[in-house]
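Enquirer: requesting a structural model of the entry that follows:
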Amino acid sequence: MSIRLTGAAVWDGEADAPSPGDIDLADGLIQPPGSIHPAREIDLTGCTVLPGLIDAHAHLCFNAAADWRAVYDADSASRMLLRMAANGRAMVEAGVTTVRDLGAPTALAIEIRDAFASGLAAGPSLLVAGAPITTTGGHCYFMGGEADGELELRKAVRERIKAGCDWIKVMATGGNMTRGTNTLAAQYTVAELRAVVEETHRLRRKVTAHCHGTAGIRVAVEAGVDMVEHCSFTGADGIDFDAGLLAELARKRIAISPTVSIGYRRWQDDGLRARRGAVLKEMLASGAPVLMSTDCGIPGVPHATLGEGIAVLAELTGISPVEGLRLATSAAADVLGLADRGRIKPGLRADLVAVEGNPLDDLGALGRVRLVIKGGEVAYRCRTSSGSLPGAR
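Expert: Residues are numbered from 1 along each chain as shown. Okay, the predicted model is just below:
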């Protein structure tokens, strides 16, 4: 269906401010202005239209609650798939039209990705890693990704790519959600991680590494991973920031997915939050590619809170709303190699979100989603504050 969006301010994903203008959509793509005879017009007066948001680190299989592990263990495959569908729907209704799921049983991750793509279920476009590769008993071992030694690691990569995964994720350190693991220490050697990288690149995919401890970040960087998740720089006494290691990430163009979320606001240690903010500020200034991610699904981080995560990042680092929005749109698309989205330009995929107000002045506007378009089709509509419903005229 051809659609014309009228009456809104438009932020293209790059500019410093929105500007007025209509947006024409047809065949799933953004069209040159005035080039179509729309079958439908949608009046978005009072709204700002921006590119669909991108969350680069999510877990659709988790319930975002304190009892996450009991729920995960009790789920049948069918129930978990339903949970993933519900969480995906919540994300798209919040304006998140592209999501990278970095941890779920492989078969279910592939199945829900394809269900969203076909329209069988309502949800974002997914990039999936399936079950993260981890050591025996290592972080998230319960997803089914245990592999030890170079041969097993190469085989694990091949199995995921055979299944259809878009990314390879490896647990380079332990994690806070898996008892018995060590978040400070590396789980694999440089040689083992290098085997993962070599095999992944041979099969024309990219690899991202979960890293909390500085020691694990160092091993991942030396092995040549494409991206680091969290990049927490944690040590025995809290933050163990290594400026030289961050410079090496930037020199190698290793991307950083810092997983900043609403959960930061519940930290009881204000000093730790301030130190984490200082490290995030260094990351943004380093020249390393950085994109927005939340780790949604973990306890205290609901799936529909990307907008609040951007606000937290701005609070911690002092970046402007437009800088934060770029990290969740154009910059995220660039880092993930998604040249068809992240901006509002003719010829690109018609993934758009309309919010009431101007998020470049007030990031709280991201919580007032009025319309979401995914692939040129209306994925979600909401009543405005006046009670009217954006629609055809």
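
Enquirer: what about I344, neighbour count?
Expert: When neighbours are counted by other C-beta atoms under 10 Å, I344 registers 24. In this view, the C-beta of every residue, glycine as well, is placed from N, C-alpha and C.

Enquirer: can you tell me the closest non-neighbouring residue to it?
Expert: D12 (4.4 Å; C-beta to C-beta, 6 or more residues apart in numbering).

Enquirer: return the residues in contact with that neighbour.
Expert: Taking C-beta atoms under 8 Å, 6 or more residues apart in numbering, we find D12 in contact with P51, R343, I344, K345.

Enquirer: kindly report the same for L348.
Expert: L29, I30, D340, R341, G342.

Enquirer: run the last query once more with 7 Å
Expert: Neighbouring residues of L348 by C-beta atoms under 7 Å, 6 or more residues apart in numbering: L29, I30, D340, R341.

Enquirer: the residue nearest to I344 and L108, how far apart?
Expert: When distance is defined by C-beta to C-beta, to the nearest Å, D12 is 36 Å away from L108.

Enquirer: and if you look at P346?
Expert: With C-beta to C-beta as the criterion, P346 and L108 are 37 Å apart.

Enquirer: looking at these two, which one has more neighbours?
Expert: More crowded of P346 and L108, by other C-beta under 10 Å: L108, with 23 against 12.

Enquirer: about what we covered before: in terms of pLDDT, where does the residue nearest to I344 sit?
Expert: pLDDT recorded at D12 is 98.

Enquirer: ok but it is inside a helix, no?
Expert: No - under the criterion used here (DSSP: H, G, I helix; E, B strand; the rest coil), D12 is coil, not part of a helix.

Enquirer: what's the residue lying closest to L184 once chain neighbours are set aside in contact with, if anything?
Expert: Sequence neighbours aside, G213 is the residue nearest to L184 in space, at 3.8 Å (criterion: C-beta to C-beta, 6+ apart). The contact partners of G213, taken as C-beta under 7 Å, 6+ apart, are T173, T183, L184, A185, T234, G235.

Enquirer: rerun that using 10 Å as the cut-off
Expert: Shown in contact with G213 (C-beta atoms under 10 Å, 6 or more residues apart in numbering): 172-174, 182-187, 219, 230, 232-236, 240.

Enquirer: among the residues you listed, which are in helices?
Expert: Among the contacts of G213, the ones falling in helices (DSSP state H) are V219.

Enquirer: A379 - that's part of a strand, no?
Expert: Yes - assessed with three-state DSSP, A379 lies in a strand.

Enquirer: which strand or helix spans the residue lying closest to it once chain neighbours are set aside?
Expert: Distance criterion C-beta to C-beta, 6+ apart; nearest residue to A379, sequence neighbours excluded, is V372 at 4.6 Å. Counting by DSSP states H and E, the element that carries V372 is strand 369-374.

Enquirer: and that strand, which strands flank it?
Expert: Paired strands of strand 369-374, with direction, are strand 352-356 (antiparallel), strand 377-381 (antiparallel) (DSSP bridges).

Enquirer: nearest to S261, of those?
Expert: With C-beta to C-beta as the criterion, S261 lies closest to strand 352-356 of the strands paired with strand 369-374, at 19.1 Å.

Enquirer: mean confidence for that closest one?
Expert: Mean predicted lDDT for strand 352-356 stands at 98.

Enquirer: cool, and stretch 253-266?
Expert: Here the average pLDDT along stretch 253-266 is 96.

Enquirer: and if you look at stretch 106-120?
Expert: On average, the pLDDT along stretch 106-120 is 98.

Enquirer: can you give me the neighbour number for the residue nearest to L313 when sequence neighbours are not counted?
Expert: Spatially, and ignoring its direct neighbours in sequence, L313 is nearest to V260 (4.5 Å; C-beta to C-beta, 6+ apart). When neighbours are counted by other C-beta under 10 Å, V260 registers 28.

Enquirer: what strand or helix carries V260?
Expert: Using DSSP H and E, no helix or strand contains V260.

Enquirer: my read: it touches V279, true?
Expert: No - shown here, V260 and V279 do not form a contact pair, counting by C-beta atoms under 10 Å, at 11.1 Å.

Enquirer: mind listing the helices for the chain?
Expert: Remark: helices assigned in the chain by DSSP H are 68-74, 77-93, 106-118, 149-163, 190-202, 214-223, 243-251, 270-285, 306-317, 321-327, 330-336.

Enquirer: turn these into TSV, including distance to G21.
Expert: Output for the helices of the chain, formatted as TSV (distance: least, C-beta to C-beta, whole Å):
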stretch	distance to G21
helix 68-74	44
helix 77-93	25
helix 106-118	30
helix 149-163	42
helix 190-202	42
helix 214-223	43
helix 243-251	36
helix 270-285	30
helix 306-317	23
helix 321-327	18
helix 330-336	18
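
Enquirer: least confident of those helices, on average?
Expert: Among the helices of the chain, helix 270-285 carries the lowest mean pLDDT (a mean of 94).

Enquirer: residue contacts, A117?
Expert: G123, P124, S125, L126, G375.

Enquirer: and the gap between the fourth one and V49?
Expert: Meaning L126. 23 Å.

Enquirer: swap in the second one?
Expert: With distances taken as C-beta to C-beta, P124 is found 18 Å from V49.
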